[in-house]
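A.B. asks: Show me how the following folds:
(one chain, ligands or ions: 1)
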Amino acid sequence: MRIIRAKDYDKLSKKAASIIASQVILNPESVLGLATGSTPIGTYRELVRMYNEGIISFKDIITFNLDEYYGLDKGDKQSYSYFMYDKLFNYIDISKNNINIPNGKTDDIQRECHGYENKIKKSGGIDLQLLGIGKNGHIGFNEPDLKFEALTHLVKLDKETIDSNSRFFSSIEEVPKMAISMGIKTIMHSKKIILLASGEEKGKVIYEMIYGKITPKLPASVLQLHPDVTVIVDKEAGYML
Ligand code: F6R
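C.D. replies: This is a model prediction of the structure:
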């Protein structure tokens, strides 16, 4: 694992965006795996800036998002689909047909999950996957468990995840209890991975992910086995390193 320490959130975002931008410049037909949550917002802002300055184009880029809340329509303001358009897709030249996000409103979970896996495979696999990390060590919505769930699947969200994500909703009751998420194998098959962590509350889990035992009880620990992972932390998230 390569560890990059950034001075603050702004520098972290700029470094992450620069890595994604170089991927896009080197291969304008790259397949990018994208994350939602607070952490990548600055990275997306930087990518939009680089697009506006004519440094990068997303014309032939394909994207796959990690996850989506189960039961939310893509037009719902709380959906991850809405988030992605609001933070990135509305401001760049990506083709709508190249954007892939699990359908939270599917009436056939099996078909949705298989279909998502097949689409990733058909596109040639993910070249660069962007990840955040939950305080409980989740990546995507792969929550701590007794085993690693391999492929895209329906997940029951942890109480801690529901609590943490309630900050985006007007009440905790509104937070969906389930989500569709890429599995650990799906993520591990990405050619390159960047994981971002910001803030002191992520410090302990970042330390355990890098130096602890590889265990499904801390799903991100599996990244120790991936040959090309870059972890970017700000000063606070890196305080134990
Ligand atoms: C989001 C995702 C999650 C988040 C994680 C951290 O698509 O898959 O694993 O990356 O919950 O969220 P933030 O960045 O809000 O702390």
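A.B. asks: contacts and neighbour counts: CA atoms only from here.
C.D. replies: OK.
A.B. asks: Which residues of the protein lie near the ligand?
C.D. replies: Within the chain, the positions adjacent to the ligand are 35-39, 66-67, 131-134, 138-141 by C-alpha under 6 Å from any ligand atom.
A.B. asks: quick one: which of these sit in strands?
C.D. replies: Judged by DSSP state E, the subset of these located in strands is D67, L131.
A.B. asks: Using ChimeraX, make a named selection holding only the buried ones among the residues of the chain next to the ligand.
C.D. replies: To isolate the buried members of the residues of the chain next to the ligand in ChimeraX, using 16 or more other C-alpha atoms under 10 Å:
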select :35,36,39,66,67,131,132,133,134,138,139,140,141
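A.B. asks: nearest to P219, of the residues of the chain next to the ligand?
C.D. replies: The nearest member of those to P219, counting by C-alpha to C-alpha, is H138 at 5.5 Å.
A.B. asks: what separates the helix or strand of the chain with the lowest mean pLDDT from the chain centre, distance-wise?
C.D. replies: Each helix and strand of the chain was given a mean pLDDT (mean pLDDT, DSSP states H and E); the minimum falls on helix 159-165 at a mean of 93. Here helix 159-165 is found 17 Å from its chain centre; the criterion is C-alpha atoms, centre = their mean, to the nearest Å.
A.B. asks: How about residues contacting stretch 187-199?
C.D. replies: In this structure, residues lying in contact with stretch 187-199 by C-alpha atoms under 8 Å, 6 or more residues apart in numbering are 9, 12, 16, 39-40, 125-133, 206, 223, 226-237.
A.B. asks: Which of these are buried? Put it as a ChimeraX command.
C.D. replies: To isolate the buried ones among the contacts of stretch 187-199 in ChimeraX, judged by 16+ other C-alpha under 10 Å, type:
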select :9,12,16,39,40,125,126,127,128,129,130,131,132,133,206,223,228,229,230,231,232,233,234,235,236,237
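A.B. asks: Show me the contacts of stretch 187-199 that map onto strands.
C.D. replies: L128, Q129, L130, L131, V229, T230, V231, I232, V233.
A.B. asks: Got the phi and psi for G137?
C.D. replies: Here the main-chain torsion angles of G137 (degrees, to the nearest 10) amount to phi 90, psi 10.
A.B. asks: Now do the longest helix belonging to the chain against strand 229-233, angle only.
C.D. replies: Identified as the longest helix of the chain according to DSSP state H is helix 9-26. Orientation of helix 9-26 against strand 229-233 (axes from the mean of the first three to the mean of the last three C-alpha atoms, to 10 degrees) gives an angle of 150 degrees.
A.B. asks: K202 and A237 touch, don't they?
C.D. replies: Yes: between K202 and A237 there is a contact at 5.2 Å, judged by C-alpha atoms under 8 Å.
A.B. asks: How about K74: what's its closest non-neighbour residue?
C.D. replies: The shortest distance from K74 to any residue other than its chain neighbours is 5.3 Å, reached at S81 (C-alpha to C-alpha, 6 or more residues apart in numbering).
A.B. asks: Now do the helix or strand containing that neighbour, average pLDDT.
C.D. replies: Element membership for S81 (DSSP states H and E) is helix 80-87. Mean per-residue pLDDT for helix 80-87: 98.
A.B. asks: can you count the residues close to I99?
C.D. replies: Residues near I99, counting by other C-alpha atoms under 10 Å, number 17.
A.B. asks: now swap in the one 3 residues further on and tell me
C.D. replies: Burial of P102, expressed as a neighbour count using other C-alpha under 10 Å, amounts to 26.
A.B. asks: for the nearest residue to it once chain neighbours are set aside, what are its contacts?
C.D. replies: What sits nearest to P102 in space, not counting adjacent residues and going by C-alpha to C-alpha, 6+ apart, is E68, at 5.8 Å. By C-alpha under 8 Å, 6+ apart, E68 lies in contact with S79, Y80, S81, I101, P102, N103, G104, A179, I180, S181.
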